[in-house]
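Novice: Next come a sequence and a model predicted from it.
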Amino acid sequence: MSKKRAASPRRTDDLPAPADRRRFRTSLLAWYGRHGRDLPWRRTDDPYHVLVSEIMLQQTQVDRVLPKYDEWLQRYPSLSALARAPEEQVVKAWYPLGYNIRPRRLHAIAREAVASYGGELPSDEATLRSFKGIGAYTAGAIRSFAFRQRAAIVDTNVARVLFRVFVGTGDPKRHAVKQRLWRISEALVPRRHVFDFNQALMDFGAMVCVARKPRCLVCPLSRICRAYPFDADGQ
DNA sequence: GTCCAGGTTA
DNA sequence: TAACCTGGAC
């Protein structure tokens, strides 16, 4: 009796109502305009630059990626430049970001792009996902940031924001919940401002709707948030 | 000193 | 569901 859920495979009633979607988009973009961070990979839509930043950001926080991002692009300014480099040198250049499978996979992506895709990064979901190292989040990030497609993203920050605002209770780690968060994110992405909207989601999770002590007092979304007021000292 | 974050893969 | 790395928080 632990599992009792309605057997409706594809519900739409648990998606945010249109009015709440509009409030969410408007409030978030307004917040981003005032408080969003100015990060180097937000000043470009070059697919290679986006790829590098997203692979670096996969398991590494912004502050540690910042210096390495610039250094990397100077050393390997293009997919073909990276493809030409010896793998072990590429791995050394990655230090100290850690998780060294990432530079090997980034390198392999560059070589495959040169070998099979005319030196360009493919833009479609299926091909992106076919690369080792590009999962659901990174594919969405590349599609929205480099190719301006209306693609959703869910990383840890985004998941926390959407869970609190639109779900509120339950176990965020459950597979069904994660799937629901993806559907919510897809429902929220605006047709315009995809780039800014997705960047704003992540900034908001990193700066306001943080894991430990969310800043509900200054949160522009508290009015529609199911988790508000979040009790940081609850346990 | 211990714990934790953080996508993707096998 | 654990393994992968490193630095920062506690």
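Specialist: Great, that's in hand. Small disclaimer: the values here were computed from a predicted structure and weren't measured.
Novice: wait, residue A:142 sits on residue A:125?
Specialist: No: with contact defined as C-beta atoms under 8 Å, residue A:142 does not count as touching residue A:125 (9.5 Å). No exception for glycine: its C-beta is placed from N, CA and C like everyone else's.
Novice: what does chain A have sitting close to DNA strand C?
Specialist: Near DNA strand C, the residues belonging to chain A are A:59, A:63-64, A:95-101, A:212 when assessed by C-beta under 7 Å from any atom of the strand.
Novice: Give me the neighbour count for the closest residue to DNA strand B within chain A.
Specialist: Distance from DNA strand B to each residue of chain A (C-beta to the nearest atom of the strand) is smallest for residue A:135, at 2.2 Å. By other C-beta atoms under 10 Å, the residues close to residue A:135 number 12.
Novice: Once you drop chain neighbours, what's closest to it?
Specialist: residue A:129 (7.2 Å; C-beta to C-beta, 6 or more residues apart in numbering).
Novice: if we can go back for a sec, of the residues of chain A next to DNA strand C, list those near DNA strand B.
Specialist: By C-beta under 7 Å from any atom of the strand, the members of the residues of chain A next to DNA strand C lying near DNA strand B are A:59, A:98-99.
Novice: now, which of the residues of chain A next to DNA strand C sits nearest residue A:175?
Specialist: Of all those, residue A:175 sits closest to residue A:59, with 20.8 Å by C-beta to C-beta.
Novice: so what pLDDT did that closest one get?
Specialist: For residue A:59, the pLDDT comes out at 88.
Novice: SS state for it?
Specialist: coil (DSSP: H, G, I helix; E, B strand; the rest coil).
Novice: for residue A:94, what are its contacts?
Specialist: A:68, A:100, A:102-103 (C-beta atoms under 8 Å, 6 or more residues apart in numbering).
Novice: now, the most widely separated pair of the residues you listed?
Specialist: A:68 and A:100 (13.2 Å).
Novice: Please identify which of the two sits among more neighbours.
Specialist: residue A:68 (18 against 13).
Novice: could the residues of chain A next to DNA strand C be laid out in a markdown table, adding distance to residue A:75?
Specialist: What follows is those, written out as a markdown table (distance: C-beta to C-beta, whole Å):
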| residue | distance to residue A:75 |
| --- | --- |
| A:59 | 21 |
| A:63 | 20 |
| A:64 | 17 |
| A:95 | 13 |
| A:96 | 15 |
| A:97 | 14 |
| A:98 | 18 |
| A:99 | 19 |
| A:100 | 17 |
| A:101 | 20 |
| A:212 | 36 |
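Novice: Can you say which of those are buried?
Specialist: residue A:97 (16 or more other C-beta atoms under 10 Å).
Novice: so which of the residues of chain A next to DNA strand C comes closest to residue A:38?
Specialist: residue A:63 (13.9 Å).
Novice: Chain A - how does it break down into domains?
Specialist: Per automatic domain parsing, the structural domains of chain A span A:18-35+A:151-224, A:46-145.
Novice: what's the first-to-last distance across the shortest one?
Specialist: It stands for domain A:18-35+A:151-224. End-to-end distance of domain A:18-35+A:151-224 (C-alpha to C-alpha, to the nearest Å): 12 Å.
Novice: what does the longest one give?
Specialist: Taking C-alpha to C-alpha, the span from the opening residue of domain A:46-145 to its closing residue is 9 Å.
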